[in-house]
Every structure is written in C-alpha cells, then in structure tokens.
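1. with the input below, show me the fold.
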Amino acid sequence: MMNNTKDETNVHRTLIVDAPAEFVWAALSDPKLTHLSLAWSLKGELQRGKRFQWLVRDETGADEVAAEGTVLTMFPGQRLRYSHYDVRSGLPDEPASRTTVDLHLIPEDVDRTRLELWQGDFDGLPHAARRAREAGRQWVERLVGVKRVAEELSRSEAA
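-> Numbers count the residues shown, from 1 in each chain. Below you'll find the model as predicted:
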C-alpha cells in the first residue's frame, strides 16, 4: 500500500478516558488545570474568534510563549477547534505557518469519553512530515496527561 502524503502531514490520535466529558473538557480548557494535563498553561479566553497563548516555563522559571492560537469553533464539553502557531518553529507568524487543532469529545457511556484529536495540515510547511511526526509524539504525551487529570477529577468528584 502506498503512503498518502496527506496522512503523513496530519496527526490523528484517539484516546478513551474513563471520565465524563465535563472532566475531559476541564483538563483541556481550564487554565488552572492545563499546566497539569497539557504541560502548557493557557493564557486568554477560549471563546470563538478570540486569540490565546500556550505558555511553558523556561529554565529560569519564567513563562515563555510556546504557541498561539485563535479559537475557530467551540462547543463547551464537546469540541474545540483552533488555529495553532508554534512560536518556536522558526517560521514567520503568518497564516501559511499555522495548523489547525481539532479536539472532539464523544461520550461513550456515562463515565467514559472518547477524545479524538486531529492536527493538520502541515503540508506546505518545510519538513512537513517531520513536523507532523513530532507534533504527534507531543500529543501522545499531552493526551496521557489529559486522561490522568480528567480521571483524577472524576474520582475526586465521586468520592
């Protein structure tokens, strides 16, 4: 089977979280939790059309902007879609340097949520397939953090 270049320049990840969608949403969008779940702190409001930033701590402990985005679509507890610009990419801050992140929460049953992630399209960026692979590796780590935080929130709520 031939490789589809388009597939190489997009990231697809699916994760089952043993928690209701409200807790998964909190892990993805609550500024008090994102540094625990995503390893990035959220600065700004997640509202359609609004810009926001993802911050990381540098070696001195100061906040540094890692990425910026604009919310394209938002249905709280269900879906978040935003443009994504990696500030550290070395690419110019222009529309052609942005990808799109789409996070979709699908209830599987009362206490289980399927989180589907898509990020693309890296096609057209320099080293597109490499950038997509790296983003995919980073998302695996972040989604594991989302799962951990959401499940801990759910357990503490049930206790």
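
2. show me where this protein has its strands.
-> 11-17, 41-43, 51-57, 63-75, 79-86, 99-109, 112-120 (DSSP state E).

3. got those as TSV, with mean neighbour count columns?
-> (Each C-beta comes from the backbone N, C-alpha and C, glycine too.) Formatted as TSV, those follow (neighbours: other Cβ atoms under 10 Å):
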stretch	mean neighbour count
strand 11-17	17
strand 41-43	18
strand 51-57	17
strand 63-75	16
strand 79-86	18
strand 99-109	17
strand 112-120	19
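
4. can you tell which of the ones you listed is closest to Ala158?
-> strand 112-120 (13.7 Å; Cβ to Cβ).

5. tell me the mean pLDDT over that closest one?
-> Average pLDDT, strand 112-120: 97.

6. now do it: everything it contacts.
-> 9-21, 24, 84, 99-108, 132, 135-136, 139, 143, 146-147, 150 (Cβ atoms under 8 Å, 6 or more residues apart in numbering).

7. rerun at 6 Å
-> For strand 112-120, the external contacting residues (Cβ atoms under 6 Å, 6 or more residues apart in numbering) are 10-18, 21, 24, 99, 101-108, 135, 139.

8. ok, Lys50 to Arg79 distance?
-> Lys50 is 16 Å from Arg79, where distance means Cβ to Cβ, to the nearest Å.

9. so how far is Glu157 from the residue lying closest to Ala129 once chain neighbours are set aside?
-> Closest residue to Ala129 apart from its sequence neighbours, by Cβ to Cβ, 6 or more residues apart in numbering: Glu8 at 4.3 Å. Separation of Glu8 from Glu157 (Cβ to Cβ) stands at 40 Å.

10. hmm, Arg131 and the residue nearest to Ala129 touching each other?
-> No: assessed by Cβ atoms under 6 Å, Glu8 is found out of contact with Arg131, at 10.2 Å.

11. beta partners of Leu103?
-> Taking DSSP bridges as the rule, Leu103 bridges to Leu80, Leu117.
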